[in-house]
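Peer 1: From the sequence below, what's the structure:
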Amino acid sequence: MKTQMRPLIILFGVLVLITGVLYPLTVTGLAQLIFPSQANGSLIRVNGQLMGSELIGQNFTGAGFFWGRPSATATNPYNAYDQKTLTGSSGSNLGPLSQSLIDTVQGRVNILKGNSPVNSSLIPVDLVTASASGLDPDISIAAAYYQVQRVALARGMSEATVMKLVNQFIEQPQFGVLGEARVNVLQLNLALEGIK
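Peer 2: Reported below is the predicted structural model:
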């Protein structure tokens, strides 16, 4: 029995060392060396103050800011998971025939129209529907353009100036084919505040 157990224990120890210590340290070290910003969460800091992450949406609600895509975790949007308050990334799991979903979307439409009553453009779908994760940091170009009039009016700026700023923050699809053109809401709002 000892002759069989000894090789098993040694093999177990070697595999724990390789897969539980050496491999994670190697991958973490390479990530820190090659992609330090991404490895640390793509955080945006301004004058040493943490403003947020490029990868996680923020809950902007003021008329003078661009609003991101709604969060499915509506009562506690954009928070890390907390078992007590049930926050974190999640979808609503509501189907297209769900009356609750229809009411929620209609409520969001009413809020957008109420905050920009003179805007007669069609409301882009990503401004009224939550994503699967509820944490999207980006909105479509159409969603950004839809909000230009409201933001310009609230800030006392010309629509042309705000539109020019939006156009500066359009990110093209990765490698020209992966995903869609989009605008990062946090970066755009920081630029609006004069923080680049």
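Peer 1: Quick check, central residue of the chain?
Peer 2: The chain has Pro137 as the residue nearest its centroid, 2.3 Å off, counting by CA atoms, centre = their mean.
Peer 1: Quick check: closest non-adjacent residue to that one.
Peer 2: Residue nearest to Pro137 in three dimensions, not counting chain neighbours: Gly57, with 4.8 Å by CB to CB, 6 or more residues apart in numbering. Quick note: C-beta positions are derived from backbone N, CA and C, even for glycine.
Peer 1: quick one: the one you found and Pro70 touch, right?
Peer 2: No: judged on CB atoms under 8 Å, Gly57 makes no contact with Pro70 at a distance of 9.2 Å.
Peer 1: before we move on, the earlier item: and the residue nearest to Pro137, what pLDDT?
Peer 2: pLDDT, Gly57: 79.
Peer 1: Now for it, how many residues are close by?
Peer 2: 25 (other CB atoms under 10 Å).
Peer 1: Secondary structure class of Ile56, three-state.
Peer 2: Of the three states, Ile56 takes coil under DSSP: H, G, I helix; E, B strand; the rest coil.
Peer 1: from here on, count from 520
Peer 2: Understood, numbering begins at 520; the last thing we discussed is Ile575.
Peer 1: Identify the spatial nearest neighbour of it, chain neighbours not counted.
Peer 2: Ile575's closest residue in space is Leu654 (CB to CB, 6+ apart), at 5.2 Å.
Peer 1: Thought Glu573 was touching the one you found, still the case?
Peer 2: No: using CB under 8 Å, Leu654 makes no contact with Glu573, being 11.9 Å away.
Peer 1: More neighbours: which of the two?
Peer 2: Ranked by neighbour count (other CB under 10 Å), Leu654 and Glu573 place Leu654 first, with 23 against 16.
Peer 1: Residue ranges of each domain in the chain, please.
Peer 2: 520-559, 562-711 (automatic domain parsing).
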